[in-house]
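In: quick one, fold the following:
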Amino acid sequence: MMKTQVAIVGAGLSGLYAAILLEQANISYRLLEGREFVGGRIQQAGHTGVDVGATWLWPAVQPELVSVLADLGVSLIPQNEAGDLLYERAAGSLARYPGYVSSPPAMRVRDGMSQVIEKLLQRLPAAKISTGVRVTHAARADEHITIRGTATGGEEIVLQAEHLLLALPPMLAKNIQFTPSLPKDLTDDWGHTGTWMAAQAKYVALYDESFWIAEGLSGEGRSMVGPLVELHDVSVPGRVNALFGFLGIPAQSRQALGEETVLSLCRAQMVRLFGDKAASPSAEFLKDWSADSFTATAHDLMLQAAHPLPPAFPLEGEWVESLTGIASEWSSTFPGYLAGAIEAAREGVNRVTATMTPTTRSFP
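Out: Modelled structure (predicted):
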């Protein structure tokens, strides 16, 4: 059995940043991730540097996130909004309008948000991170928590800790079997908190040139026809020319159509909007988050998109001082956003450090 002071479940941005903070506080931890890779909802299209998950940040209102990125040495680029916007009101009806600049301005990480994950990993001991481990049980007794999970190969993983940080969405955290049980009102709240991006799907098309810029377009579009309802230029200067869009087809319908059909519908729309030069992308990608079992549940797809704020920890019972939710959905300021992941992780680690002392012991 592995032993540590803090167990972190989930190796997305919040889990990895929590690990960084625990490293700095000299508190031992182990990080367990169900996927075979880290990053959570930060993923890119192949190795292109184009995000298919979390994409934007707003430095003017998210200073803590900007500070973290600066410390990591990550470069930011502005979201291109120069040029006209296309609006497809109905089939055969395409209008062009002067574009607008969002306020506050949106930025992206140069070469993709995955750069943030890679920079965090460089500062963490690989031996403290286990991927391919799906946590199923957490039992508290004698001031210790025994966490059990199943590795990809089927073997059982057992970890003993004093505090549990849940860096996965509340909807998924609810699926862990807790002994003793968590308060029902808490798990009910978690079970009604939609996972951000769970119902979304993104289409990315790469091109040899950014022909839309030459034609005075920003690459932004809105459509009442679909399948893409909102489009943006997500090019990486000097590296890749790319457009992406959010699909408006409901998740169940996307899955019934199948990936090849959805891709063909997206290509047809790109031609309607941007002309024949958009007909043959050099590469294209589809990320359907509703089909990702580490992100979405069936109940997620029944909820309205929103940023609710569920309780991050119980106020009574045996778990009061030993469990904290730190995924972005638990952020009080930016739930569902990258900045929310940073905020929730910091607040969760602050709870831990308030009750724990740094360790001088060596944990396996």
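
In: who are the contact partners of the nearest residue to residue 277 once chain neighbours are set aside?
Out: In this structure, residue 277 finds its nearest non-sequential neighbour in residue 211, 4.5 Å apart by Cβ to Cβ, 6 or more residues apart in numbering. Backbone N, C-alpha and C define where each C-beta goes, glycine included. By Cβ atoms under 8 Å, 6 or more residues apart in numbering, residue 211 lies in contact with 274-275, 277-278.

In: and what of residue 90?
Out: Here residue 90 is in contact with 224-225 (criterion: Cβ under 8 Å, 6+ apart).

In: pLDDT score for it?
Out: The score at residue 90 is 94. That number is its pLDDT.

In: residue 147: neighbour count?
Out: Neighbour count for residue 147, taken as other Cβ atoms under 10 Å: 23.

In: three-state assignment of it?
Out: strand (DSSP: H, G, I helix; E, B strand; the rest coil).

In: pretty sure it sits against residue 6.
Out: No: using Cβ atoms under 8 Å, residue 147 is not in contact with residue 6; the gap is 10.8 Å.

In: show me whatever sits in contact with both of these two.
Out: Counting by Cβ under 8 Å, 6+ apart, the residues touching both residue 147 and residue 6 are 161, 164.

In: on that earlier part again, which of the contacts of residue 211 tops the neighbour count?
Out: That'd be residue 274 among the contacts of residue 211, by other Cβ under 10 Å, with 21 neighbours.

In: quick check: next helix or strand after the lowest-mean-pLDDT helix or strand in the chain?
Out: Using mean pLDDT, DSSP states H and E, strand 2-3 stands out as the lowest-scoring helix or strand of the chain, at a mean of 91. Counting by DSSP states H and E, the next helix or strand C-terminal to strand 2-3 is strand 6-9.

In: ok, now which ones touch the closest residue to residue 191 other than its chain neighbours?
Out: Once flanking residues are discounted, residue 191 sits nearest to residue 174: 4.9 Å by Cβ to Cβ, 6+ apart. By Cβ under 8 Å, 6+ apart, the contact list for residue 174 reads 187, 190-191.
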